[in-house]
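[1] predicted model and sequence below, questions to follow.
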Amino acid sequence: ETALLFLSKAPDTVETRYHLGLSLARRGRNEEAAVALRDLLKREPDHRGALQSLARVAGALGLDEERRAALEKFAALYKEEEKTQALAIRVKDLRAAADRKVQAGDPAGAVSLLSDASRLAPGDLELLLDLGRLHVMAGDRTAAEGVFRQIVQRDPLRAEAWYRLGRLLTDAGRMPEAIASLEKATQIAPLSTTYHVSLAQLYLRTQRAEDGVRELRLARHLNPQDPEGAFNLGL
């Protein structure tokens, strides 16, 4: 009864509705509990706790059809979660196998495994970023560039992908594109010393000394103990 008193005064959130429904059911006030749980499920149809509780309440009220529908929905959600968990385990296993291939000096084999993992989890951009790195290790720069461009297209604020793309373009001698990518990385993550130093080095290679010095001074300000930044600034 004390719980019901406080819940009646609490903000009308999904959690409040859920605990209100539970408390009403525990007091035997099944019709009121059913109303609260139905209202919750209108807001959040996949709330498994509410579905399970509604099934109990509907059973107590003799509402067999509603009870059956709630249990079927609950079972479907549970099955989907099991499928998701099994997929996550498979992706994790493929990642581990790819790591073992890298340690054994077989980056091409690791690429194959991580490509399979990426197909299973297409929304995992960190996984895709790792795949791009592996393509670089395996010497397939064209594939790596394609992966990094795919990432920045899907998530333009992914600084690491812009940075990796910039380094790749630098190695290919495509300096204007490389500068644009590294500038994007520093804009998104302005506190990254690594990004500023890499951009500075590229400025210096393209005879933009003042821009390079500016980036190196900023990098030194961010991390005074970094020897690479200090060395390049001295040069």
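    Sure thing, it's come through. Predicted model, so just to flag it, every value in this text is computed and none were measured.
[2] and the contacts of stretch 181-201?
    If you take Cβ atoms under 8 Å, 6 or more residues apart in numbering as the criterion, stretch 181-201 is touched by 152, 157-160, 162-163, 165-167, 169-170, 179, 202, 211-216, 218-219, 222-223, 226, 228-229, 232. C-beta: built from backbone N, CA, C; applies to glycine.
[3] which positions within that stretch qualify as buried?
    Using 16 or more other Cβ atoms under 10 Å as the test for burial, stretch 181-201 gives 181-186, 188-189, 192-201.
[4] just stretch 225-235 next, same as before
    For stretch 225-235, using 16+ other Cβ under 10 Å, the buried residues are 226, 229, 232-233.
[5] same check on stretch 29-38?
    Buried-residue list, stretch 29-38, by 16+ other Cβ under 10 Å: 29-30, 32-38.
[6] so, low pLDDT: which residues of this protein?
    The chain contains no residues with pLDDT under 70.
[7] what about residue 207, which SS state?
    At residue 207 the chain is in coil, as set by DSSP: H, G, I helix; E, B strand; the rest coil.
[8] all helices for the chain, in order.
    Remark: helices assigned in the chain by DSSP state H are 2-9, 14-26, 30-43, 48-60, 64-103, 107-120, 125-137, 141-154, 159-171, 175-188, 193-205, 209-222, 227-234.
[9] contacting residues for residue 150?
    residue 128.
[10] switch to 10 Å and redo it
    125, 128, 131-132, 161 (Cβ atoms under 10 Å, 6 or more residues apart in numbering).
[11] buried ones among those residues?
    125, 128, 131-132, 161.
[12] returning to what we had before: what is the nearest of the buried residues of stretch 225-235 to residue 64?
    Checking the buried residues of stretch 225-235 against residue 64 with Cβ to Cβ, the nearest one is residue 226 at 70.1 Å.
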